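1. Turn this into a structure:
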Amino acid sequence: MSFRFYLYVSDTKVDMLLQQIDPAFTRKRTSEVSVGLKVVGAKRGTEVSEGTDPITRLERVVRHLDEVGDVGTVDEPGQFFRGLMDMRWGPFATGAGSSLVYFGGRTERTVLGLGGSSRHVLGSPLSAPDGDNAVLARSLMPSLLDGLAEHPEIEELFEDAGQAPLDPNLVPLRAVQRATTLLRAPAQKVEFLAKRLLHGPIPSSESGSHDGMTVLLGSPLYVALVD
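-> Numbering: from 1, shown residues only. Purely as a prediction, here's the structure:
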């Protein structure tokens, strides 16, 4: 039997999509539980949810997207894309206290970056709801790019862009490309399903012709190790 060993599961994105796909799957009922104490009496509401297991919820969303969603590949992404490839990953710019976790890899045609909040990583100490102190969730592109810019080499890209008449869409693509090359951990084979955030070609020469690699940035619903 083959098992998935999940590295990252975004319960935030899963719950948001599940509410749109099948609200009854997450229907909740509340029961009141009275607790008697010697000095004080306390009453608290306990929520009992149908389908509370996070992996069950994830699998329900993945099944629906595979059946009716716009799911593409790394080289030809739709609104969502899935893949199975070697990737390096880890917390990004940890010296700055970043809450960003970043996965990077490439195919023959595409430089890929996946980013999200560190609190969605298996066993993360930031897994508590208030553990991520980012102003915006790292799954949102502006916050994700801000997280990448905490690295000095990527910050330099954005600073240089402010002093030159460059295509404003090219700088974020270059930032993803550079972030992926900066990862130093050993590559691991992973599978994933992610939401497309940014996709476009980058020039391979000073002439500016778009005959080089394509860059893809996404926010994963899940990333899992594959043996």
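
2. what's the least confident helix or strand in this structure, going by average pLDDT?
-> Lowest mean confidence among the helices and strands of the chain (mean pLDDT, DSSP states H and E): strand 28-36, at a mean of 39.

3. Paired strands for the longest strand anywhere in the chain, with orientation please.
-> Scanning the chain for the strand with the most residues, using DSSP state E, yields strand 188-201. Partners of strand 188-201 in the sheet, by DSSP bridges, are strand 80-91 (antiparallel), strand 214-225 (antiparallel).

4. Need the winner for burial among those.
-> Comparing these by mean neighbour count (mean count of other Cβ atoms under 10 Å), strand 214-225 ranks first with a mean of 24. Every C-beta, even on glycine, is put in place using the N, C-alpha and C of the backbone.

5. Show me what residue 86 is bridged to.
-> Here residue 86 sits in beta bridges with residue 189, going by DSSP bridges.

6. And the strands in this protein?
-> Going by DSSP E, the chain shows strands at 5-9, 28-36, 41-49, 71-72, 80-91, 100-106, 110-117, 188-201, 214-225.

7. JSON lines for those, including distance to residue 55?
-> Putting these into JSON lines (distance: least, Cβ to Cβ, whole Å) gives the following:
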{"stretch": "strand 5-9", "distance to residue 55": "7"}
{"stretch": "strand 28-36", "distance to residue 55": "19"}
{"stretch": "strand 41-49", "distance to residue 55": "14"}
{"stretch": "strand 71-72", "distance to residue 55": "19"}
{"stretch": "strand 80-91", "distance to residue 55": "17"}
{"stretch": "strand 100-106", "distance to residue 55": "19"}
{"stretch": "strand 110-117", "distance to residue 55": "17"}
{"stretch": "strand 188-201", "distance to residue 55": "13"}
{"stretch": "strand 214-225", "distance to residue 55": "9"}
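
8. Next, the buried residues of the top helix by length along the chain.
-> When the chain is parsed with DSSP state H, its longest helix is helix 54-68. Neighbour counts over helix 54-68 (16 or more other Cβ atoms under 10 Å) mark 57-58, 60-62, 65 as buried.

9. next one: stretch 194-204
-> Buried-residue list, stretch 194-204, by 16+ other Cβ under 10 Å: 194-199, 201, 203.

10. among those residues, which two are most distant?
-> 195 and 203 (26.1 Å; Cβ to Cβ).

11. Low-confidence stretches in the protein?
-> 1-2, 26-52, 93-98, 124-139, 160-168, 204-211 (pLDDT under 70).

12. if you set the cut-off to 90 instead, what comes out?
-> 1-4, 21-54, 69, 90-100, 117-119, 121-171, 184-185, 202-213, 227 (pLDDT under 90).

13. Please verify my assumption that residue 169 contacts residue 200.
-> Yes: Residue 169 lies in contact with residue 200 (Cβ atoms under 8 Å); the separation is 6.3 Å.

14. mind checking the end-to-end distance for stretch 174-192?
-> 23 Å (Cα to Cα, to the nearest Å).

15. Right, I'll leave it there.
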